[in-house]
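Undergrad: Coordinates for the following, if possible.
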Amino acid sequence: MLTLVDRLMNYRFVLSMLVIASAGHAFAAQDATDVTWLKLPDMPVPRWEAGTVVLDGKLYVFGGYTKGTKSSKRVDVFDPKDTSWKQLADLPSAITHMNAVLDGRTVWIAGGFKDGYKGYAITEVWHYDIDRNTFTAAPPLPERRAGGGLALVGGRLHYIGGLMPDRLTDAADHWVLDLHKASQNAGEWKNAAPMPAARNQFSAVSFAEKIYVIGGQFGHDKGQNDQARVDIYDPGTDSWSRGPELPKPHSHAEGSTFVNNGRIFVVGGMTRDERRRIDSHITAGMPGGEWRIVGELPRPLSSPAAAIIGDRLFVAGGSLNGADPQPGMWVRSAP
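TA: Here you go, the predicted structure:
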């Protein structure tokens, strides 16, 4: 049975073909680009700088900024089968600048900025039981951090880099939590090899039993300087290596970076060339190692929520101006 998204996209495709046929061949290329994305109903509460995971073909969105740059406790799940949103239990704290990492049917969240702009960095660590819809406190980070990377490899949770409490100084620290020991109330964060270039608001994903730290920026409240750098951590040797650089400097895509079908996708964010601007591109790490721009967003978006579910790419929320969230949501075929 076709989902609502499938039916809408099929209808949109047929309609676009009729428009192209009636307008003539000269208009076809432009119109085909225009109809790549399908607009879906808005998010119930617009957010950016949120954490995201995908489970059972649904997109979960945790925290983030709402209007007025206010941190949110809100958690929602989006079901593409009927394009519905459902509100879940609130986060225990209103948090932004954190990642969400899936471990089976549990979501882990660590650190972040709490209580709106300018919020303060925290040591809080939470795990969320999706089936029970409950949050439970876990061993806190050794120090307060925000805008760092969170990744899971081999039953160990890694927190890397981020910002110190002054919201300006980048940290290179790398801490590891054994989740088996943590489940027995015996876990604590241990030091691992620090990241080679301290920075914040980078994307972090587990891929091929390694952790990829992608882009990011130097500084935060002043002098934000986006980076194209990619570093790769090997837990087997507790060592770092350099990966192929991004096509351009990049940050602010933590909740819109994910692994799908053997590739790492980075959707939207912030970038810079002659000036700093919001990014409209979809970038993918190819099997050969290099990065390539593989698509364009309907609008430039900083820190959206994004995921490929089935053969569709969904993008929701994010900011158009780097200060306020927008509620729009779109879908297109996966690049």
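Undergrad: how near is the most centrally placed residue in the chain to Gly317?
TA: Centroid-nearest residue in the chain: Gly255, 1.4 Å away (criterion: C-alpha atoms, centre = their mean). From Gly255 across to Gly317, the span is 8 Å (C-beta to C-beta, to the nearest Å). C-beta here means a position set from N, CA and C on the backbone, and glycine is covered the same way.
Undergrad: which residues are in contact with both of the two?
TA: Shared contacts of Gly255 and Gly317, defined by C-beta atoms under 8 Å, 6 or more residues apart in numbering, are found at 50, 61, 64, 304-305.
Undergrad: I'd like the distance between the spatially closest residue to Phe218 that is not a sequence neighbour and Gly262.
TA: With C-beta to C-beta, 6 or more residues apart in numbering as the criterion, Phe218 has its nearest non-adjacent residue at 4.3 Å, and that residue is Asn225. From Asn225 over to Gly262 the distance is 31 Å, taken as C-beta to C-beta.
Undergrad: do Asp82 as well
TA: Counting by C-beta to C-beta, the gap from Asp82 to Gly262 is 29 Å.
Undergrad: One more: Arg132?
TA: According to C-beta to C-beta, Arg132 stands 33 Å off from Gly262.
Undergrad: can you check Gln87 too?
TA: To Gly262, Gln87 is 34 Å away according to C-beta to C-beta.
Undergrad: can I see the domain layout of this structure?
TA: Structurally, the chain divides into domains by automatic domain parsing as follows: 1-35, 36-333.
Undergrad: least reliable of the ones you listed going by mean pLDDT?
TA: The stretch with the lowest mean pLDDT among the domains of the chain is domain 1-35, at a mean of 44.
Undergrad: If I follow the layout properly, the residue nearest to the centre of the chain ends up in contact with Thr52?
TA: Yes - if you go by C-beta atoms under 8 Å, Gly255 and Thr52 touch, sitting 4.3 Å apart.
Undergrad: now the end-to-end length of stretch 117-137.
TA: 24 Å (C-alpha to C-alpha, to the nearest Å).
Undergrad: just stretch 259-271 next, same as before
TA: 21 Å.
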